[in-house]
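Q: just a sequence and a predicted model for now, questions to come.
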Amino acid sequence: MSRTPARPLASDMDESQFERVLNNIARLALVFIGVAVLLVMLQLGQVFLAPVTLAVVVGLMFGPVADRVEGWGVPPALSAAVVVLLLLGVIFSFAVLFAVPLSEWVARAPLIWSKLQGQLANFREPLQAISDFQSQVGEVLGSGSAMAVTVEDGSTVTSVAMLAPAMLAQGLIFLASLYFFVATRDHIRISVLSLCVTRRMRWRTAHVFRDVEQKVSRFLLSITMINFCVGCAVTLAMWIIGMPSPLLWGAMAAVLNYIPYVGQGIMILVLVAVGLGTQTNIEQIVLPALCYMGINFVEGQIVTPHFIGRTLTLNPFIIFLSITFWLWAWGPVGGLIAVPTLLIATSIISHALPSKPVTPKRPVRRTRGMTARQELLANAAQAIKEQKQEEEADPRKKERLAPPEGTAPTGVEPA
């Protein structure tokens, strides 16, 4: 009678639980080091990476324009030049249109600042009380010195002169990157597809390119039209209430609306500051900000969901995290590319790691007292229950999903 040879033990059984924990910690440490190095590289490479990334995003938006021009028999190099010249024409037109009102407000800035100081003088007593409280806390904790805040006066002309070369270099990098990306976008796609070794990988990569171009282009073009309408509405509202330079505030509202949440907050602060510096009555001070908030509410709750649709709707918390991260990394440029880069990332993840929706075969019917959240959770629970019943009914699937022998959490074979 021949004996069946014993099956060799798995490598996991040769390791103790402590060694497994150490291996997991080592993997997590490598991931943490990689993320830290990536963050440092984003900070150090801001001068180069920020304009190049912005050029790619703008190139994806103007991709349909270049395709239309190339459809008329124009070569890609010339169509890319048309896109760059079109963008420069739009920027130059805005600069010429708003140079005069902007210069007027810059000239009035010292007067507005002096009026703001007069308005803020009303808060001197509460601030003094806070300072006295801080001094008392410092004495109790053993520190006799109060916190001092000093503001160094620097020359604005010197700061602008120092920043001008860097801004000019980033502008040139942006224009050059935009031209070469639009001119060679098809070659880039073919080169990436040629690196895919399997047919399935090539198919997924091609779908990633398609979804990225469609989503980013559709999102940016739709947002551009919506922001233009927001700018027109803000201009009209500021003109009706008698706000000076209504075109300037409309243009500022349209540009800042590209940065969700943060841009709206900046616009409200600017309007409140201008109201404090130019008006005396509380109603006239807050009226411009209230008008803008009403227009922005209609745009955010009605117009944008209707035109963009549910396919491009992202989690507001994820959008906020993306905006704060890119603002920290690259400043205003990061705020402009935050949502497009999030759309690119979701397209890549959805094709690289496809997921199945949690929908049951027999959906739960929504009753009169059931909310949308309760219906969603009930359907998810029903889907999990149906999956468990299928596993119990099919012994082979249950055996395939069961963990291998000897891989219990304690490393000991169960009795």
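A: Arrived safely. Everything quoted here is computed from the prediction, not taken from an experiment.
Q: every contact and neighbour count from this point should use C-alpha atoms.
A: OK.
Q: mind checking how far stretch 83-91 is from the chain centre?
A: Distance, stretch centre to chain centre, for stretch 83-91: 25 Å (CA atoms, centre = their mean, to the nearest Å).
Q: what are the buried residues along it?
A: 83, 84 (16 or more other CA atoms under 10 Å).
Q: which residues touch that stretch?
A: Residues outside stretch 83-91 that contact it (CA atoms under 8 Å, 6 or more residues apart in numbering) are 62, 65, 66, 175, 178, 179.
Q: now it: mean pLDDT?
A: Taken as a whole, stretch 83-91 has a mean pLDDT of 89.
Q: quick one: low-confidence parts of the stretch 1-150 of the chain?
A: Judged by pLDDT under 70, the stretch 1-150 of the chain has its weakly predicted residues at 1-15, 112, 115-150.
Q: so where do the helices sit in it?
A: With helices called from DSSP state H, counting those that start in this stretch, the stretch 1-150 of the chain shows them at 17-44, 46-61, 63-70, 76-107, 109-120, 124-140.
Q: out of those, which is closest to residue 343?
A: Closest approach to residue 343 among the helices of the stretch 1-150 of the chain is made by helix 46-61 (10.7 Å; CA to CA).
Q: ok, and the closest non-adjacent residue to residue 212?
A: Nearest non-adjacent residue to residue 212, counting by CA to CA, 6 or more residues apart in numbering: residue 344, 5.6 Å away.
Q: name the helix or strand for the one you found, please.
A: Assigned by DSSP states H and E, residue 344 belongs to helix 332-352.
Q: let's see that helix as PDB, backbone CA atoms only.
A: Taking Å, rounded to 0.1, in the frame of the first residue of the first chain, the C-alpha atoms of helix 332-352 are listed here in PDB:
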ATOM      1  CA  PRO A 332      -3.600  78.800  -8.400                       C
ATOM      2  CA  VAL A 333      -2.600  76.500 -11.300                       C
ATOM      3  CA  GLY A 334      -3.300  73.500  -9.000                       C
ATOM      4  CA  GLY A 335      -6.800  74.800  -8.400                       C
ATOM      5  CA  LEU A 336      -7.500  75.000 -12.200                       C
ATOM      6  CA  ILE A 337      -6.400  71.500 -12.800                       C
ATOM      7  CA  ALA A 338      -7.800  69.900  -9.700                       C
ATOM      8  CA  VAL A 339     -11.100  68.700 -11.100                       C
ATOM      9  CA  PRO A 340      -9.800  67.700 -14.600                       C
ATOM     10  CA  THR A 341      -7.000  65.600 -13.000                       C
ATOM     11  CA  LEU A 342      -9.600  64.000 -10.800                       C
ATOM     12  CA  LEU A 343     -11.700  63.000 -13.900                       C
ATOM     13  CA  ILE A 344      -8.500  61.600 -15.500                       C
ATOM     14  CA  ALA A 345      -7.800  59.600 -12.400                       C
ATOM     15  CA  THR A 346     -11.300  58.200 -12.100                       C
ATOM     16  CA  SER A 347     -11.300  57.200 -15.800                       C
ATOM     17  CA  ILE A 348      -8.000  55.300 -15.400                       C
ATOM     18  CA  ILE A 349      -9.100  53.600 -12.200                       C
ATOM     19  CA  SER A 350     -12.500  52.600 -13.600                       C
ATOM     20  CA  HIS A 351     -10.800  50.700 -16.500                       C
ATOM     21  CA  ALA A 352      -7.800  49.400 -14.600                       C
END
